[in-house]
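1. Take a look and give me a structure for this.
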Amino acid sequence: MYLPLYLPGFKKNIEEHSNLKKFVERKINSILVAPYSSESLKYTLNGLRSCPVRRRYLVIFGILEEHKKNNYQFVFSFESAKELDEKTVIFVVFGPHDDAYEIAKKITEIEVPFKS
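-> Residues are numbered from 1 along each chain as shown. All right, here's what the predicted structure looks like:
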């Protein structure tokens, strides 16, 4: 099983859609068990993955070992992520389909430091 790490704002996204909280929690648990059974994103979101929640919502996340293996250059600052277990799933955003992609694109334009 993988370890979770939440970017600032991820849990706030869940609270904004509190009626979906139990569905999101189940999805997070299934992602932590099998993170590679998800859609690999492309283009400006290359290196991230997504999983649907109740059709119209998405959880967008990355897998640290995949980022290190493929040397992806955004979202995960390796200097500050050195001490994290490679079996860590970084949860980036949760929200309505189109909104989640837009937020993820904005996040990938900046480097997000990690604190373990």
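
2. Please work out which residues outside whichever helix or strand Gly62 is part of touch it.
-> In this structure, Gly62 sits in strand 57-63 according to DSSP states H and E. Contact partners of strand 57-63, identified using Cβ atoms under 8 Å, 6 or more residues apart in numbering, comprise 2, 17, 20, 24, 27-28, 31, 35-36, 38, 41, 45, 47-53, 72, 75-76, 88-97, 100-101, 104. The C-beta positions use only the backbone N, C-alpha and C, and glycine is treated the same way.

3. what sits opposite Phe61 in the beta ladder?
-> When bridges are taken as DSSP bridges, the partners of Phe61 come out as Arg49, Phe91.

4. Leu84 versus that one, what's the distance?
-> Using Cβ to Cβ, to the nearest Å, we find Phe61 at a distance of 14 Å from Leu84.

5. Could you check which of these two is surrounded by more residues?
-> Neighbours of Phe61 and Leu84, each counted by other Cβ atoms under 10 Å, are more numerous for Phe61; the result is 29 against 18.

6. what separates the more buried one from Asp99, distance-wise?
-> Going from Phe61 to Asp99 by Cβ to Cβ gives 16 Å.

7. repeat for Ile31
-> Plainly put, Ile31 is 19 Å away from Asp99 if you go by Cβ to Cβ.

8. Ala104: what secondary structure?
-> Of the three states, Ala104 takes helix under DSSP: H, G, I helix; E, B strand; the rest coil.

9. Kindly report the same for Glu86.
-> Glu86 falls in the coil class when you classify it by three-state DSSP.

10. Need the pLDDT of the residue nearest to it when sequence neighbours are not counted.
-> Nearest in space to Glu86, with sequence neighbours left out and distances taken as Cβ to Cβ, 6 or more residues apart in numbering, is Glu65 at 4.0 Å. You'll see Glu65 listed with a pLDDT of 89.

11. cool, Ile110 as well?
-> Reading off the per-residue confidence, Ile110 sits at a pLDDT of 61.

12. can you give me the end-to-end distance of stretch 35-45?
-> Taking Cα to Cα, to the nearest Å, the first and last residues of stretch 35-45 lie 16 Å apart.

13. ditto for stretch 87-104
-> 21 Å.
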